[in-house]
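Colleague: Just to be clear, the model below is a prediction. Sequence and coordinates:
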Amino acid sequence: SCPASIIIAFQLRRMLLWIILSVVPSSLTYSGAELKLENDHSCGITTRGQAECYFDCQINSSAQGSGQLIQNLTCLEDCWSSNDSDKDHCIYLLLQDVISKGVCNLTDEFGYNPGPGIYEPLVACSMAIVASPWGFNQNVVDQGTCSKKTEKLLLKKKCQKKIMEEQGFIQNTLVQLIQNSCNHNVSEYYVNFQQENLPGARKKRNAELSNPEEAQIHSRVKRLAPAQAIYGSDDIRTKLKFENTHNRYSWICSLRSSGSSPEHLCAVNLLTRPPKPTVIVGSAHCTYLCKDQSAGLVSACCCSSGPENCAGNSTLCGDNPGVDKMNKDEATIVCGEWQTNVFENSKIILEIKKIIRHPEYNETLGPINGNDIAVFKVKKSGDKKAKKIKPACLPSNSSTAPSSGIHAGWSKPPPLSFINNHAKEYAEFYDDFFKQWHYKMDILEKCEDPTTTAITGGPLTFPSNSSYPAGTVCAKDFSKQSCFSTGDSGSPLMVQGGDKSLFSIEGILSFVKGCDVFTFGTTNSAKKNAQLNQQTENPSTYTKLSCFLPWIAEQYGMVYEGEEDPSCSEASGNPDDVDEPCRITPSNLVELFTGEVECILPYYYKGTLYDGCILFEEDGFVYPIFRCPTRNITTKIDGINSFQFLPLVDGYCPEDSSDPTSPLNPNKTDCSSFARRAPFSQCKNNC
């Protein structure tokens, strides 16, 4: 099974600390009544930016809809222009057609409807029969609910570009509406574009599809869209409106390393400001660094326990690297910043006086054991800009738990060496990785492992039930198309009041038990295409702030008078679930057919013996998926499977393609792309 140390190493390696606003020295005394930790009069007020137009949407995960679809289409009406002269007017018209007239009823004579099944009304449309590329006739929409004007605009290149620039779940929704509402020629225009830009599309298109199962897989795959993509030869890329977060959440600050080349480590959050003490909180695990006695701070890989360990490189790591507590001189806190790699006039730098970790935080077990919180006392800032930084509001004492919130922060960018070697199409947009972004989150009633797959939304046969510590709250990105890792630790899970104005912090990000799907790199070098695809059903686990407000207040000589939350002492999951067999969660179409098979343990990877799940690394970038082998391989060490290289995209050829249990042969290269199989798959959380 996966030892906790692997999860801890992942968290320590991918998340480090940041911090926040202007400060009053802790030694400052106040006359009169005892100071209370309470809301600032201007707490939770956003200063710039805006919410995303889709933040009031609801997502449906559908196998028939090929992933995530927006269910309540009216939520998108304000996302595109109603002006005839604007390039995105075609999308506005498409929505109006479907909202007012519905989608076509594509139910066949056997009672099967290939549509997503979530949009109403279903309308009897005019159908036609055409020959399919797979050698059989198929029913298609001749005249649907799309108007002739809408269809004419949808066939224009500028409209196609606007649709393909949308995020994956929005793009997928729009293409599904076109397929189920418009003339088949319009549908083919978009489907063909996606098919031609699939990873390895040329190879698959030329492959001999001699068996019908391959044809079925091929036809289903063509409808998938990446969460973020670059289609270089078509001058199309997924576009996020980063300006919407520009200095929007002023209470979120960056904890970054000191020295000549400072790096963002984690987020920290401002709760109060002068004339009261400046209260800044973050995750305790962010306050541990990889150090060497002689070399000082060294790369995180020097202290890793996984395959990415680089401790043998004495030039990089020194002689004896290890994890140690951060001291006050090894980091600073930067507030008022939006993009972490450029100088901004609004930036305020706070020097740390003292770091206080929660006394029950266990540095050996890490955040998975709970109490993952620390406070940062900072020196008083004389910067006049500090007055513009507003603190977040404290969590409310309402007995009704919130159901949705916003996560905001920064991720640590992938190394430029990884971009240049594996995803060079992203080099032009590398600065975007340094910009703050926000996500709509569904807050869960309790922390628990996934019971459905991220691919189809279907139920798992063997769901895990791993444990989550007391004093935490869990949430998922509502689109299931992001997976927090490096740099996101300490980022707040924020909740707005009933009037949608003031933001309070419900929790600060502690850990995530890995992604379900994560692909990042060039997909077609000839067409200059690349993809960043993230999907997960795993919840993000946050330290629940309300559980620790009395302790936070005490560190600043204050008191907190809020009511005690009984849920703060309640853990969830089953600690003994680690004794169950270690299985995988299907993360692609092939694994949906093979099922939740058991991991084959132990195994060798690059000469090191492992008895659990591991994270893989390329050029300094660690893929945030815990994996284990599910196929035997012809290369062995003492009869144990031995893997030297992990083909994350293509997979290996089976020794015998006609035998589904045949071991994989890394020396065999003559099988078709459909016959190749990945040797490793995503582990469940109890591994």
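Modeller: Sure, I can see it. Residues are numbered from 1 along each chain as shown.

Colleague: Show me which residues of stretch 130-140 are buried.
Modeller: Buried positions in stretch 130-140, judged by neighbour count with 16 or more other CB atoms under 10 Å: Val140. Just so you know, the C-beta spots here come from the backbone N, C-alpha and C atoms, and that holds for glycine as well.

Colleague: what mean pLDDT would you report for that stretch?
Modeller: Regarding stretch 130-140, the rounded mean pLDDT is 80.

Colleague: Please, where are all the helices along the stretch 351-500 of the chain?
Modeller: 416-422 (DSSP state H, counting those that start in this stretch).

Colleague: which residues in it form strands?
Modeller: For the stretch 351-500 of the chain, the strands defined by DSSP state E, counting those that start in this stretch occupy 374-378, 404-409, 437-443, 472-477, 492-496.

Colleague: Out of those strands, which is the most enclosed?
Modeller: Greatest average neighbour count among the strands of the stretch 351-500 of the chain goes to strand 374-378 (a mean of 27), per mean count of other CB atoms under 10 Å.

Colleague: can you count the residues close to Lys424?
Modeller: Neighbourhood size, Lys424 [other CB atoms under 10 Å]: 15.

Colleague: Could you number the chain from 17 rather than 1 from now on?
Modeller: Will do, 17 is the new start, and the previous item becomes Lys440.

Colleague: For it, which non-adjacent residue is closest in space?
Modeller: Using CB to CB, 6 or more residues apart in numbering and skipping the chain neighbours, the partner closest in space to Lys440 is Thr538 (6.6 Å).

Colleague: Check which helices and strands the helix or strand containing that neighbour sits against.
Modeller: If you go by DSSP states H and E, Thr538 is part of strand 533-540. Judged by 3 or more CB pairs under 8 Å, 6 or more residues apart in numbering; DSSP states H and E, the packing partners of strand 533-540 are helix 432-438, strand 545-551.

Colleague: Of the ones you listed, which is nearest Asp158?
Modeller: When the helices and strands packed on strand 533-540 are compared for distance to Asp158 using CB to CB, the nearest one is strand 545-551, at 32.5 Å.

Colleague: low pLDDT regions in the stretch 467-616 of the chain?
Modeller: Along the stretch 467-616 of the chain, the model assigns pLDDT under 70 to residues 515.

Colleague: buried ones in stretch 309-316?
Modeller: Quick answer for stretch 309-316 (16+ other CB under 10 Å): 311, 313-316.

Colleague: Asp504: which of those is nearest?
Modeller: Once CB to CB is applied, the member of those that ends up nearest Asp504 is Ala316, at 15.0 Å.

Colleague: Quick check, central residue of this protein?
Modeller: Cys499 (1.8 Å; CA atoms, centre = their mean).

Colleague: how about the helices of the protein, start to end?
Modeller: With helices called from DSSP state H, the chain shows them at 20-30, 105-117, 164-170, 173-180, 184-197, 200-212, 217-222, 228-237, 330-333, 432-438, 565-571, 605-610.

Colleague: Format the ones you listed as TSV; extra columns: distance to Arg692 and mean neighbour count.
Modeller: As requested, the helices of the chain are exported to TSV (distance: least, CB to CB, whole Å; neighbours: other CB atoms under 10 Å):
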stretch	distance to Arg692	mean neighbour count
helix 20-30	28	22
helix 105-117	37	20
helix 164-170	36	19
helix 173-180	28	18
helix 184-197	25	25
helix 200-212	20	18
helix 217-222	11	14
helix 228-237	12	15
helix 330-333	35	14
helix 432-438	19	16
helix 565-571	53	19
helix 605-610	9	15
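
Colleague: Relative to Gly60, which of those helices is closest?
Modeller: helix 565-571 (15.5 Å).

Colleague: which outside residues touch that closest one?
Modeller: 52-53, 287, 295, 297, 372, 374, 389, 391, 393, 410-411, 575-576, 578 (CB atoms under 8 Å, 6 or more residues apart in numbering).

Colleague: residues near Cys69, how many?
Modeller: When counting by other CB under 10 Å, one arrives at 16 neighbours for Cys69.
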